[in-house]
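In: Here is a sequence with its predicted model. Questions after.
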Amino acid sequence: MALGTDPAPYELRFDSGRSCLDLVATNHPVERLDSVARLRAWLVGTGLVPTTARLPDAGPQWLGSFHELRGHIAQLVHGELDGRPADAALDRVNALAADAPPAPRAVRTAEGALVRVLCGEPGCAALVAAVARDAVELLTDPTARALLRQCEGDNCPIVYLDASRGRRRRWCSSEVCGNRERVARHRRRAALART
């Protein structure tokens, strides 16, 4: 890194397998939803809104709503994995899921391809409801729930769906936690070889 330059902010990640789990991953290792612009990028990255969505009402209160939802989903998912039901978080996620999510429509482009657009610009409650419903669907689907895994990386709290062949995925990301583990293993072997 050149002197006088800031490191690049942590990138948004979309590798957990579900939008609700991707939301939970936005505060590790640092807060990634730290501005309305980053929240917009996350909403587009998850596919909740198309890139053409304007979201004219998006503001700081939207950040607060998504941060609140993230906390409840994290408590709920980690509680289910650890066998510690988080009933207060469950009640709140259920309440947030009750609003109607954004309604999609299919329209043709000038080239004739079908693309997804939304029927109007969605509000915060509708987008929060879509993510909350994803959490409800995930945790009530026995097949999907059986694929939930906690990352085995050192101090990594990220939970993901293990859809790998043989269900042997160990890390939230092979490039992040997996690489750290491989580097640590190499260093241990190198230290043993020197002794």
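Out: Ah, there it is.
In: Need the pLDDT of the spatially most central residue of the chain.
Out: Most central residue of the chain, judged by C-alpha distance to the mean C-alpha position with CA atoms, centre = their mean, is residue 22 at 0.7 Å. Looking at residue 22, its pLDDT is 97.
In: next one: residue 184
Out: On the pLDDT scale, residue 184 is placed at 69.
In: ditto for residue 116
Out: 88.
In: How about it: what's its closest non-neighbour residue?
Out: Nearest in space to residue 116, with sequence neighbours left out and distances taken as CB to CB, 6 or more residues apart in numbering, is residue 104 at 5.2 Å. C-beta here means a position set from N, CA and C on the backbone, and glycine is covered the same way.
In: so the one you found sits right up against residue 120, yeah?
Out: No - applying CB atoms under 8 Å as the test, residue 104 and residue 120 come out as separate, 11.1 Å apart.
In: helices or strands up against the lowest-mean-pLDDT helix or strand in the chain?
Out: Lowest mean confidence among the helices and strands of the chain (mean pLDDT, DSSP states H and E): helix 179-194, at a mean of 75. Using 3 or more CB pairs under 8 Å, 6 or more residues apart in numbering; DSSP states H and E, no helix or strand is in contact with helix 179-194.
In: in it, what counts as buried?
Out: Neighbour counts using 16 or more other CB atoms under 10 Å place residue 181 of helix 179-194 among the buried residues.
In: Tell me the gap between it and the middle of its chain.
Out: Centre-to-centre, helix 179-194 and its host chain are 31 Å apart (CA atoms, centre = their mean, to the nearest Å).
In: Over to stretch 32-47?
Out: The answer for stretch 32-47 is 11 Å, by CA atoms, centre = their mean.
In: Likewise for stretch 63-83?
Out: For stretch 63-83, the distance to the chain centre is 11 Å (CA atoms, centre = their mean).
In: what's the answer for stretch 155-173, then?
Out: Put simply, stretch 155-173 sits 13 Å off its chain's centre (CA atoms, centre = their mean).
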